[in-house]
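# Could you work out the structure for the sequence below:
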Amino acid sequence: MSLSEKILAKKASVGVVGLGYVGLPLAVEFALAGFHVTGIDLNADKVARVNAGDSYVGDVPSSVLAPLVQQGLIKATTDFACLAELDTVNIAVPTPLRKTKDPDMSYIVSATEEIAKYIHQGMLVILESTTYPGTTDELVLPMLEKSGLKVGEDFYLCFSPERVDPGNPKFQTKNIPKVVGGKTPVCTELGALFYAQALEHVVPVSSTQVAEMVKLLENTFRMINIGLVNEIAVMCDGMGIDVWEIIDAAATKPFGFMPFYPGPGLGGHCIPIDPFYLSWKSKQSGIEARFIELAGYINGQMPHFVATKVQNALNEVCKSVKGSKIVIYGVAYKRDIDDVRESPALDIIHLLKKRGAEISYIDPYVHQIRFDGEIIHSSGDEALSAADCVVIVTDHKCFDYAALLEKASLIVDTRNALKGVKSDKVFRL
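The predicted structure is shown next:
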């Protein structure tokens with residue numbers, strides 16, 4: 001039976017390397033579609049939890065995962081040897097930036113080395129990890145072809161950018177259009193056929209490089225526009241103008257304007273990181289990515305702006321930052337999730353602690369954070385009344401803002417969570 005026949009009959013054995021925010025939801029969608037899925041992860045705790053039907057990813061309820069495990073449609077392992085029996089494998093591993101803002105390819109290299117040991121005739125390999133244009137062809141392909149197998153004939157290789165938006169109730173893995181580009185037309189055709197069995201809409205493109213660039217364009221677009229509106233926010237603050245009112249009024253224009261909103265800084269696994277893959281790659285071609293570098297600088301300065309805003313707010317009530325009890329209201333990088341990766345809250349905590357503040361935080365989704373080698377636990381609402389200042393960094397929908405207004409003596413609102421509230425104790429971004 002050919003690979004395409006196996007896919008159409010849902011007889012293909014599916015593998016997913018990396019069971020994080022991208023990999024586990026993808027594995028679940030293919031299991032829900034009737035495929036047998038094997039998840040591979042080096043984290044033994046994650047593997048054990050998956051095999052117990054206990055989800056650690058917010059977008060995958062345990063009530064959905066557990067029956068799939070019980071039915072034998074999903075299993076997890078730390079042993080890459082299972083690749084020898086799989087027909088398809090998706091690579092969904094992290095691609096962080098080094099401190100020098102060049103991409104760390106070690107996770108992709110490690111995963112590909114393992115796949116290369118077990119690659120076999122008819123296997124489909126798809127890289128989903130966000131990376132720079134050329135990674136699939138220049139890095140992954142040569143490692144796989146060392147096996148002696150030829151791409152497009154003996155095995156198939158694609159890139160398909162993950163587009164996960166954690167905590168989004170409307171758009172999740174199943175209904176987010178899936179872009180896929182292969183090394184050869186046959187690769188693209190098989191990759192598109194594969195995704196079409198589990199996902200609602202597939203968008204084939206002409207090459208792996210195009211697919212890689214699509215993801216970077218999407219996130220660079222957001223990063224630069226957020227940088228622009230953050231700069232506008234700083235300008236408006238200096239001129240005493242309400243930036244939120246300006247954005248709302250501008251958004252009434254039915255064409256030529258798309259509202260973006262300022263905030264305490266960028267967070268998450270994509271927007272603060274992905275554009276720098278493009279910047280790094282373009283420098284190799286002698287091209288300077290000036291918009292990316294400038295937007296990165298502006299966005300990186302927002303936690304400093306927030307810390308200064310807190311200092312000025314305390315000055316208004318004749319208090320200094322040093323010795324003040326400051327509560328960070330929400331430490332996740334966005335609302336209604338437990339993810340603190342690249343969260344600006346961590347930078348704000350660091351800056352305020354350096355100025356001598358006593359810091360605590362409240363976040364119902366994040367029970368503890370590790371900060372400077374110390375584990376800090378989320379406080380209860382009683383901390384609000386004792387605080388000299390509360391800084392709204394994450395606007396979780398579950399937060400009781402009426403109670404916050406009643407209990408807190410001073411509030412710095414970086415998210416416009418208290419929109420419409422007029423009070424001398426509320427300072428907005």
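
# all strands for the stretch 101-250 of the chain, in order.
For the stretch 101-250 of the chain, the strands defined by DSSP state E, counting those that start in this stretch occupy 124-127, 156-159, 178-182, 202-205.

# got those as CSV, with mean pLDDT, distance to residue 74 and mean neighbour count columns?
Using the backbone N, CA and C atoms, a C-beta is placed for each residue, glycine as well. Shown next, in CSV, are those (pLDDT from 0 to 100; distance: least, C-beta to C-beta, whole Å; neighbours: other C-beta atoms under 10 Å):
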stretch, mean pLDDT, distance to residue 74, mean neighbour count
strand 124-127, 98, 18, 28
strand 156-159, 98, 22, 28
strand 178-182, 98, 20, 26
strand 202-205, 98, 22, 18
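
# Output these in TSV; the columns should cover distance to residue 47.
Formatted as TSV, the strands of the stretch 101-250 of the chain follow (distance: least, C-beta to C-beta, whole Å):
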stretch	distance to residue 47
strand 124-127	21
strand 156-159	26
strand 178-182	26
strand 202-205	29
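
# Now do the residue sitting nearest the centre point of the chain against residue 165, distance only.
Compute the mean C-alpha point of the chain, and by C-alpha atoms, centre = their mean the closest residue is residue 269, 3.2 Å away. As defined by C-beta to C-beta, to the nearest Å, residue 269 lies at a distance of 11 Å from residue 165.

# CA atoms only: put stretch 94-108 into PDB for me.
C-alpha atoms of stretch 94-108 as PDB (Å, rounded to 0.1, in the frame of the first residue of the first chain):
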ATOM      1  CA  PRO A  94      11.400  24.600  20.300                       C
ATOM      2  CA  THR A  95      13.600  27.000  18.300                       C
ATOM      3  CA  PRO A  96      14.700  29.600  20.900                       C
ATOM      4  CA  LEU A  97      17.000  32.500  20.300                       C
ATOM      5  CA  ARG A  98      20.500  32.700  21.800                       C
ATOM      6  CA  LYS A  99      21.300  35.800  23.800                       C
ATOM      7  CA  THR A 100      23.000  37.100  20.700                       C
ATOM      8  CA  LYS A 101      19.700  36.800  18.900                       C
ATOM      9  CA  ASP A 102      20.800  34.200  16.500                       C
ATOM     10  CA  PRO A 103      18.600  31.000  16.200                       C
ATOM     11  CA  ASP A 104      19.400  28.000  18.300                       C
ATOM     12  CA  MET A 105      18.900  25.000  15.900                       C
ATOM     13  CA  SER A 106      20.100  22.400  18.500                       C
ATOM     14  CA  TYR A 107      16.600  21.000  19.100                       C
ATOM     15  CA  ILE A 108      15.900  20.600  15.300                       C
END
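
# List the contacts of residue 234.
Contacts for residue 234 (C-beta atoms under 8 Å, 6 or more residues apart in numbering) come out as residue 305.

# shouldn't residue 288 be in contact with residue 278?
No - look at residue 288 against residue 278 with C-beta atoms under 8 Å: they stay out of range, at 11.6 Å.

# Who has more neighbours out of those two?
Using other C-beta atoms under 10 Å, the more surrounded residue of residue 288 and residue 278 is residue 278, with 21 against 10.

# Setting aside sequence neighbours, what's the nearest residue to that one?
Excluding the flanking residues, the one nearest residue 278 by C-beta to C-beta, 6 or more residues apart in numbering is residue 216, at 4.5 Å.

# list the contacts for the one you found?
Contacts for residue 216 (C-beta under 8 Å, 6+ apart) come out as 130, 132-133, 274-275, 277-278.

# Could you do residue 274 as well?
Listed by C-beta under 8 Å, 6+ apart, the contact partners of residue 274 are 130, 215-216, 219-220, 223.

# The contacts of residue 216 into CSV, with extra columns for pLDDT and distance to residue 399?
Output for the contacts of residue 216, formatted as CSV (pLDDT from 0 to 100; distance: C-beta to C-beta, whole Å):
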residue, pLDDT, distance to residue 399
130, 91, 31
132, 90, 38
133, 93, 40
274, 83, 29
275, 87, 30
277, 83, 34
278, 84, 36
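
# Give me the buried entries from the residues you listed.
130, 132-133, 274-275, 277-278 (16 or more other C-beta atoms under 10 Å).

# Specify which member of the residues you listed is nearest to residue 313.
residue 275 (31.9 Å; C-beta to C-beta).

# for the residue of the chain positioned farthest from its centre, phi and psi?
Within the chain, residue 318 marks the point farthest from the mean C-alpha position, 39.8 Å out by C-alpha atoms, centre = their mean. Dihedral angles of residue 318 (phi, psi; degrees, to the nearest 10) stand at phi 60, psi 40.

# What of residue 275?
phi -60, psi -30.

# and the gap between it and residue 422?
Separation of residue 275 from residue 422 (C-beta to C-beta): 37 Å.

# again with residue 87
62 Å.

# ok, these two, which is more surrounded?
Neighbour totals were compared for residue 87 and residue 422, and residue 87 leads with 19 against 6 (other C-beta under 10 Å).

# number of nearby residues for residue 354?
Residue 354 has 10 nearby residues by other C-beta under 10 Å.

# can you pull the contacts of it?
Here residue 354 is in contact with no residue (C-beta under 8 Å, 6+ apart).

# can you do 10 Å?
By C-beta atoms under 10 Å, 6 or more residues apart in numbering, the residues touching residue 354 are 307, 321.

# try residue 79
Contact partners of residue 79, counting by C-beta under 10 Å, 6+ apart, are 38, 40, 47, 114.

# Tell me if I'm right that the second one and residue 15 touch.
Yes - with contact defined as C-beta atoms under 10 Å, residue 40 reaches residue 15; the gap is 6.3 Å.

# any common contacting residues for the two?
The overlap between the contact sets of residue 40 and residue 15 (C-beta under 10 Å, 6+ apart) consists of 27, 77, 80, 82-83, 86, 89, 91, 115.

# okay if I get those residues as a markdown table plus distance to residue 340, pLDDT and secondary structure?
Formatted as a markdown table, those follow (distance: C-beta to C-beta, whole Å; pLDDT from 0 to 100; DSSP: H, G, I helix; E, B strand; the rest coil):
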| residue | distance to residue 340 | pLDDT | secondary structure |
| --- | --- | --- | --- |
| 27 | 24 | 98 | helix |
| 77 | 28 | 98 | strand |
| 80 | 29 | 97 | helix |
| 82 | 32 | 97 | helix |
| 83 | 32 | 97 | helix |
| 86 | 33 | 98 | coil |
| 89 | 29 | 98 | strand |
| 91 | 24 | 98 | strand |
| 115 | 31 | 98 | helix |
